Every structure is written in structure tokens, then in C-alpha cells.
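J.: what shape does this take:
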Amino acid sequence: MMRAAMMASKSSRRSAGTFACLWLVILALCSPADAQAPSARATPGQPSPPSAHELTADDLSSFLDGIMKIELERDDIAGGVISVVKDGNVLFEKGYGYADAAKKKPVSPEETLFRPGSVSKLFTGTAVMQLVEQGKLDLDRDVNDYLDFKIPSTYPQPITLRNLLTHTAGFEEVAEGLFSPTPMSLGQYLKTHIPARIFPPGTMGAYSNYGVALAGYCVQRVSGEPFDQYVAKHIFEPLGMAHSTFTEPLPPSLAPLMSAGYQLASASPKPFEIIPASPAGGLSASGDDMARFMVAHLQDGRYGNAQILRPETARTMHSRQYAGAPELEGIGINFFEESRNGHHIIGHGGDSGFFHSHLHLILDANVGFFISLNSAGRDAFDFREAIWNQFLDRYFPGQPSADPTLATAPADGRTLTGYYETSRRGETTFLRLAYLFGEASVTEKPDGTIIVSQVKGFNGQSLQWREIGPHLYERVGDQGHIEFKQDASGRMLLLTDVAPFAAERVAWYESQPFLLICLVSTLLILPLSVLLWLVGALVRRHYGRPLVLETAQRRLRLLVRLICVWDVVVVAGWALLLGLISAAVVPLSSRLDHWFWVLEFGCLIGALATIVVLVQVSHAWFTTGRGVWPRIGDTVILLASIAFAWLVWIGHLANFRVHF
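T.: Next up, the predicted model:
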């Protein structure tokens, strides 16, 4: 529900392949294309930035109308909405394309509801801070004090609301139940989907929908009101947001106003997405209502005569609470720092399965920008970021810094090369393997610049980074920074301009190339051994040449071939199940738990059976009667079996944790 997020992360309609590609999305967040870069620094002799266009409604209309029409058609997106506010007023808002493509129903900025995804988290943070003002919640108190169930005490440090709202609680990523075919109460979801804690609180940014949903549950528990009703009464009503709700399914009065969601505008519309972790991404709202919310935050909690936050509380929300490193952008209370072109900018992106949105507040210019699209299209992520970047460069232009590249860059770059896994990952479930296959590699070029694989610009080319400080890198020719540092254990970390997304360098035996070798060995050698076994049997039968082996050897050989068949069937089972999930034939939900149990049991038996293969190979090499080639063939099967067992072990494919 985060742009990308997770989202995150990451969706029940996305494949295991999507999980393996999450790193592309997460690392892309640190590029300047996502407006997540520190302010440009003025340097003597640096060219002056281009002159800015005056930000007026007329200029916005002429600028955006042409772009949106072309981009919607090119990317096969049904419709979208853009709202721009300035100095406490709505400067521009307009709907583009269709809320219902088949009926040609146009998007209305005032009435059409969109799903802003993780932009919902800003409302959750606002609700929490309202109760902090009243003394009912404390940002630094153990969150278990507010719950009717217990988050396990994995580490000595308790998890606090500040941790939850800055994504530093240390939770692993969870995907099951994030989207549900039927409604589920917030409390039920949270109690049945508690993720493992993989980092001590406050030590690592790891984006978590569960964490923010938990903060929303604290609001519900302390206020005595269901979360959706609390937000409606204390945020929507004071701001006049009459076309907004966290209620799922939608209330009858708002359901007819909901935009359809699409994978592609040329395809059929998709069902309304029910998000049990509602405080993390369950909002439905119109563009005009989002404009009111932006005005309130730009006015330090005030909209007209309504004051939803005290000025000092609003400023706390907007100020840095956590950053991976002082030189990088950080996060406030759910607001990500996104400074660019010399301006102080905060915001949040959001993605559901089909809607893609982003909200930006240029604090020092008192300007807010909101965009939401109702289709995934061919690349809604790039689309919305490109529109925002063009808006910013047109009205608030700037230049990249001219900091010199360090002379030590080539030597430093060589110390950083390797493979890195994202902090937003499934660590204790079978999702672990997918995230390992989604690792990014850091490679050094001869000129001392580095490349982070899978992180590309809008032109599809890999981005280059140059060293401007000790292990601090800036995107070549643009803004955006990454930094490397060692943690307390000496492990190298890759930190980004999006604080809740970091990465840790892995050992060679966890690296993507080694795991690919293991996977290819499993997928090629084991099925081939089964095929050759059958072909050999047919050939011997045809020519009347029986296999000359002692009874014990014959039985052991047969058992090994059956183990190969077992492993192949297990791999095929995983491929089939994940393929059905990928094609949205089967939703990713708890209804699949028994199938995951069966497959994980199959993995466990297959991995343990490697011992039998080892015994058979030992017999083959240390007893007479076998030729060299059969012995080599048996050894190759053993290596493939070991590769299968390693994938099961490192990928946690036999952990029997079905809440993933």
C-alpha cells in the first residue's frame, strides 16, 4: 500500500515474482525521480537554475491537460485526478479520463472516490497525534499498554507508537490478508497476523503496513470508537471531507461515487479492494477532499475555522523523527522527507492493486500536490512520478549540486560491491526465498561510479552514483543520495533517501548468483535424472539388458530416483500454486494455508531425503561393479539434491509459518 510498498510492499493479486522484484521498486524510491532527494546545495560557479513559471490555475491547466491526456492513453490508464493547493486555497483540481471506462463516466474531482493506498497512513498519524495532544496516547510508551493482545517481547526494547509511525518497529513484511475477499475487523486481522520481529526497535527502517495498522488500532482502543468512525468524526467532518471514508465495504451513500479500478483501462474493471489493515491503506476519498487535508497540514492543522491539530503538533508531524543517516532524508510522523530543488518537501505515496497515488507538501512554498490514478496501466508508478517531477521542475526549478567526486571513489567502490537484501522482507516464512532472489547488486565502474542493479531511470538505463563524501553517493547529473555504512556487527548497509527502506549485504552463499545456480541445478538436473531413468529402463527392456546390481543397490537406486520425483513434484506444486496466485485465479489468503502446509511438508521430506542420496553415492564410489559415468551421474544428482536442500533451508520453505 506504500508506493510500491509494499509494500511493500508491498497485494494478494500479485505474484511471487512481484515479491522477487520488490527490490526494484524499493530502491527506485531513492532516485530523484521519486522526489526523495536532499536539497540541492549551491556551489560557486554552478549554473543558475532555470526560471520558474508562475504557479497559476491557467498555467497549470495548459500544462497538465496535454500531458495527462497523452499519458493516460499511452499507459492504458482509465482516469485520474490532480489537486493543487496554495496559500490555504484550492488553486487547481481536475479529473481526467473516466471513472468508468465502459460507461464513459468522467472523473469528478469533487465527487469521484479514489483509493489513495498508503496515503491513508497520514490520516492515521494525524489521529494518533490528536490523542497525543489530549494525553491519551504517548509516542514513547510501550504499545502493548494500549492493546488487548500482546506483541511478543523478542528484544529488550519495547515497541512504541513513534516506532510504528516511523517504520522502525522492526517487523518483517507480511502479505497474507493484506487484501481480503470479505470484510475482516481490524482487531481480528492484527491478532491473527502478528509478524515476527527481525530488528530491534529504532535501529532499522523497515516499512510495515502492519505497524501503522497497529497504531490505528491504538486509536480505536483508546478513543472507544471504531477507527473509521473516529477519523470520520475528528478529521473528515471538521475539514468538510464529505466524500471520504475508511469504511469497507463502502457506505451506500458513497458506493455509487467510487471509481472502478483497472489493471488496464482496456480490460474489465476489478472488484473493490477490501483492506483489513485499514489504517495503513483503506481510505477512499475524492481529489477535492484530499485538497482540504493538504490545506490543513500546510496551515499547521487549520482549515477555515476548524483546527484538527495544534500548530506545534502539526510541526512535530512534519519534522524528522528518524533517518538512516544524517546526510539522507528521513521521516516524520508518517510523512516522508522528499526535499528537492532546494525546497523542503514532505509527502507519502500509496498503491493498492489498481490505484496509484502520491501526496506532496512543499512546506516552504505553502503548496500541496495530489495525484491519483485508477489503473495500474503499463507503468502507473513512473507516470505519477514523472508528472510530479515535471510539475516541480516547471514551478520550483533547481540544479543538482556540484560537489566534487572524491579521489578515493575507485578504492571505496570496490569495498562496497556485492549483493544486498532489502530490510522490508519476509524473514521467517517462505517469502524469504523470493526476497533473496530479488537482491540488488552493487557494482563498480572503472571511473569510480557505482551502479545498483535494477534501479533505472525513466529511460530504462541504469542509474550511476558518484561518491561526494565518505561512502556517500549522489546520482550522477541529478539529485538523490544513497549511503553505505557498517552496522554494529560489521555488516555493510545500503541506506536510501527513503528512511524505511535500507538493505544489508549478504554472504556469498545467500547471494543471488549462488542461489540461481542452486535453482537451475534443481530445475534441470532432478527432472533430467527422472527422465533418463525412465528412458534407460525402456532402452534396457528393448534390448533385453537388465541392470546388473545387487538387490540392496537396486533398491537404493530406485529410492533415490523416487526422491528425485518427489522433489520435482514439490517444485511443480510451488510453481502451480504461485502461478495461480499470480494470475489472480486464486487469492492470496488464509484459505491457502493447508496447501502451503502440504508444500512445506514436501520440502522438508525432500531435504531430509538428501541423506539417502548421499548414502547411495557413497555405495556407488566405494563398492565395485559400477562404472565411472554412473558414479559421476549419481554424484551430480547428489549435488542437485544438496542444492534443493539449501534452497529449502535458506528460503525457510519448511518453517510451517503460514501467516506470511
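J.: outside of the strand or helix carrying residue 641, which residues touch it?
T.: Per DSSP states H and E, residue 641 falls inside helix 628-650. Contact with helix 628-650 is made by 432-433, 436, 509-510, 515, 517-519, 521-522, 524-526, 529, 532, 560, 563-564, 567, 571, 603-604, 606-607, 609-610, 613-614, 616-617, 620-621, 653-654, as judged by Cβ atoms under 8 Å, 6 or more residues apart in numbering. All C-beta atoms are positioned from the backbone trio N, CA, C, and that covers glycine.
J.: and the residues you listed, which are buried?
T.: Taking 16 or more other Cβ atoms under 10 Å as the criterion, what is buried in the contacts of helix 628-650 is 432-433, 436, 515, 518-519, 521-522, 525-526, 529, 560, 563-564, 567, 571, 603-604, 606-607, 609-610, 613, 616-617, 620, 653-654.
J.: mind listing what's buried along the helix holding residue 641?
T.: For helix 628-650, by 16+ other Cβ under 10 Å, it's 633-634, 637-638, 640-648, 650.
J.: same question for stretch 341-354.
T.: 341-343, 345-354.
J.: now compare those residues and name the two farthest from each other.
T.: Farthest-apart pair in the buried residues of stretch 341-354 is 342 and 353; separation 36.2 Å (Cβ to Cβ).
J.: re earlier: could I get the helix holding residue 641 in CSV with only the CA atoms?
T.: Output in CSV follows, covering the C-alpha atoms of helix 628-650 (Å, rounded to 0.1, in the frame of the first residue of the first chain):
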residue,chain,number,x,y,z
VAL,A,628,32.8,-44.2,-13.8
TRP,A,629,30.0,-42.5,-15.6
PRO,A,630,27.2,-43.9,-13.5
ARG,A,631,29.1,-42.8,-10.4
ILE,A,632,29.5,-39.3,-11.8
GLY,A,633,25.8,-39.2,-12.7
ASP,A,634,24.9,-40.2,-9.1
THR,A,635,27.3,-37.5,-7.8
VAL,A,636,25.6,-34.9,-9.9
ILE,A,637,22.2,-36.0,-8.6
LEU,A,638,23.6,-35.6,-5.0
LEU,A,639,24.8,-32.1,-5.8
ALA,A,640,21.4,-31.2,-7.2
SER,A,641,19.7,-32.7,-4.1
ILE,A,642,22.0,-30.6,-1.8
ALA,A,643,21.1,-27.5,-3.9
PHE,A,644,17.4,-28.3,-3.3
ALA,A,645,18.0,-28.8,0.4
TRP,A,646,19.9,-25.5,0.6
LEU,A,647,17.0,-23.6,-1.1
VAL,A,648,14.6,-25.2,1.4
TRP,A,649,16.9,-24.2,4.3
ILE,A,650,17.9,-20.7,3.3
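J.: rounded mean pLDDT for that helix, please.
T.: In this model, helix 628-650 carries a mean pLDDT of 90.
J.: check stretch 472-483 too.
T.: Mean predicted confidence for stretch 472-483 is 91.
J.: roughly how far is that stretch from the heart of the chain?
T.: 22 Å (Cα atoms, centre = their mean, to the nearest Å).
J.: start and end of it, how far apart?
T.: For stretch 472-483, the first-to-last residue distance is 4 Å (Cα to Cα, to the nearest Å).
J.: what comes up buried for that stretch?
T.: Quick answer for stretch 472-483 (16+ other Cβ under 10 Å): 472-475, 478-483.
J.: can you flag which of those belong to strands?
T.: 472-475, 481-483 (DSSP state E).
J.: I'd like these as JSON lines, with distance to residue 181 appended.
T.: Putting these into JSON lines (distance: Cβ to Cβ, whole Å) gives the following:
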{"residue": "472", "distance to residue 181": "46"}
{"residue": "473", "distance to residue 181": "44"}
{"residue": "474", "distance to residue 181": "46"}
{"residue": "475", "distance to residue 181": "42"}
{"residue": "481", "distance to residue 181": "42"}
{"residue": "482", "distance to residue 181": "39"}
{"residue": "483", "distance to residue 181": "42"}
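J.: residue 414: which of the residues you listed is nearest?
T.: For those, the nearest to residue 414 is residue 473 (13.9 Å; Cβ to Cβ).
J.: which of the three states applies to the residue nearest to the closest one when sequence neighbours are not counted?
T.: Ranked by Cβ to Cβ, 6 or more residues apart in numbering and with sequence neighbours excluded, the top spatial neighbour of residue 473 is residue 465, at 3.9 Å. Secondary structure state of residue 465, per DSSP: H, G, I helix; E, B strand; the rest coil, is strand.
J.: count of neighbours near residue 465?
T.: Residues within reach of residue 465, counting by other Cβ atoms under 10 Å, total 24.
J.: and stretch 180-190, how far out from the chain middle?
T.: 21 Å.
J.: hmm, who's touching that stretch?
T.: For stretch 180-190, contacts defined as Cβ under 8 Å, 6+ apart pick out 12, 148-149, 177, 210, 213-214, 216-217, 220, 226-227, 248-249, 274-279, 587, 589.
J.: can you select the buried ones from the residues you listed in PyMOL?
T.: To isolate the buried ones among the contacts of stretch 180-190 in PyMOL, judged by 16+ other Cβ under 10 Å, type:
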select buried, resi 12+177+210+213+214+216+217+220+226+227+248+274+275+276+277+278+279+589
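J.: mind jotting down where the helices sit in the stretch 101-250 of the chain?
T.: Along the stretch 101-250 of the chain, counting by DSSP state H, counting those that start in this stretch, helices occupy 120-133, 161-165, 186-192, 209-223, 227-231, 237-239.
J.: could I get those as CSV with distance to residue 284 and mean pLDDT?
T.: Below are these laid out as CSV (distance: least, Cβ to Cβ, whole Å; pLDDT from 0 to 100):
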stretch, distance to residue 284, mean pLDDT
helix 120-133, 9, 98
helix 161-165, 22, 98
helix 186-192, 16, 95
helix 209-223, 16, 98
helix 227-231, 10, 98
helix 237-239, 15, 98
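J.: columns distance to residue 77 on top of these, output as a markdown table?
T.: A markdown table is the format used below for the helices of the stretch 101-250 of the chain (distance: least, Cβ to Cβ, whole Å):
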| stretch | distance to residue 77 |
| --- | --- |
| helix 120-133 | 21 |
| helix 161-165 | 32 |
| helix 186-192 | 30 |
| helix 209-223 | 24 |
| helix 227-231 | 28 |
| helix 237-239 | 28 |
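J.: and those helices: which comes nearest residue 408?
T.: Of those, nearest to residue 408 by Cβ to Cβ is helix 161-165, at 36.1 Å.
J.: what residue ranges in the stretch 401-550 of the chain score low on pLDDT?
T.: Across the stretch 401-550 of the chain, residues meeting the criterion (pLDDT under 70) sit at 547-550.
J.: what are the ranges of the strands in it?
T.: Secondary structure of the stretch 401-550 of the chain (DSSP state E, counting those that start in this stretch): strands at 418-422, 440-444, 450-456, 462-469, 472-475, 481-486, 492-496, 502-505.
J.: can I get the ones you listed in JSON lines including distance to residue 73?
T.: Formatted as JSON lines, the strands of the stretch 401-550 of the chain follow (distance: least, Cβ to Cβ, whole Å):
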{"stretch": "strand 418-422", "distance to residue 73": "34"}
{"stretch": "strand 440-444", "distance to residue 73": "33"}
{"stretch": "strand 450-456", "distance to residue 73": "24"}
{"stretch": "strand 462-469", "distance to residue 73": "28"}
{"stretch": "strand 472-475", "distance to residue 73": "30"}
{"stretch": "strand 481-486", "distance to residue 73": "35"}
{"stretch": "strand 492-496", "distance to residue 73": "33"}
{"stretch": "strand 502-505", "distance to residue 73": "37"}
